[in-house]
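Colleague: here is a sequence together with a model predicted from it:
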Amino acid sequence: MLDIAGAVLLLLALGPVLLLAMGAILLSSGRPVLHLANRWGREERQFVCYKLRTMHRDGDAVLKAHGLATRGPNGETLTYDPDPRIGRLGGLLRRLSIDELPQLINVLRGDMSLIGPRALVISMLADLPDIRQARSVVRPGLTGLWQVRARRKNVSVFDMINDDLEYIRTFNLLLDVRIAVLTIVRIVGP
């Protein structure tokens, strides 16, 4: 119930920002405005996660043109900082976490919580049933422990999973409040 109330309040407060961002994406790079991805949820259920599109439509081709891999030696998804797939507008939306605002719809639908483990794409956990099961005892969150910790270059999915499993092991209301405050600080801080 707290998640629903929080999502409604955040949508009311940030709805104009979301609409402005959607318009900017549409004007700068066309459709689609949203990026839809199947993600793992609670009890190993799959759901469609909504985000604003921040990458060029041909993102994998951009990585290859820069000589960068999409996967690490163990098949893990790699992230880059800076990521050549992300345009200037996309970078701004990500830096301010505006790209995550459509996930408030996922919270209202019951697919996600405001705070919890990161909602990972299906391919990241397809071959890791034990980890998938351990993460599925709670709903994935709009923000979480990994999101508020310092991000490192070329972070592997295993680093994120370790933070998520730590969150699940140590979950309590005080930790959620701490994550919520740190999320706000990361977004509005320097």
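Modeller: Alright, I've got the coordinates.

Colleague: contact partners of the helix or strand bottoming out on mean pLDDT in the chain?
Modeller: Lowest mean confidence among the helices and strands of the chain (mean pLDDT, DSSP states H and E): helix 59-65, at a mean of 79. Contacts to helix 59-65, defined as Cβ atoms under 8 Å, 6 or more residues apart in numbering, come from residues 56, 69-70, 80, 84-85. C-beta: built from backbone N, CA, C; applies to glycine.

Colleague: pull out the buried positions in it.
Modeller: 59, 62-63 (16 or more other Cβ atoms under 10 Å).

Colleague: repeat that for stretch 43-58.
Modeller: 47, 49-55.

Colleague: could you work out the end-to-end span of that stretch for me?
Modeller: Its first and final residues considered, stretch 43-58 spans 33 Å by Cα to Cα, to the nearest Å.

Colleague: what do you get for stretch 131-143?
Modeller: OK, stretch 131-143 end separation, Cα to Cα: 19 Å.

Colleague: could you give me the buried positions within it?
Modeller: 131-132, 135-136, 138-143.

Colleague: distance to Met160 added to these, as JSON lines?
Modeller: Output for the buried residues of stretch 131-143, formatted as JSON lines (distance: Cβ to Cβ, whole Å):
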{"residue": "Ile131", "distance to Met160": "11"}
{"residue": "Arg132", "distance to Met160": "13"}
{"residue": "Arg135", "distance to Met160": "10"}
{"residue": "Ser136", "distance to Met160": "15"}
{"residue": "Val138", "distance to Met160": "15"}
{"residue": "Arg139", "distance to Met160": "16"}
{"residue": "Pro140", "distance to Met160": "11"}
{"residue": "Gly141", "distance to Met160": "12"}
{"residue": "Leu142", "distance to Met160": "15"}
{"residue": "Thr143", "distance to Met160": "13"}
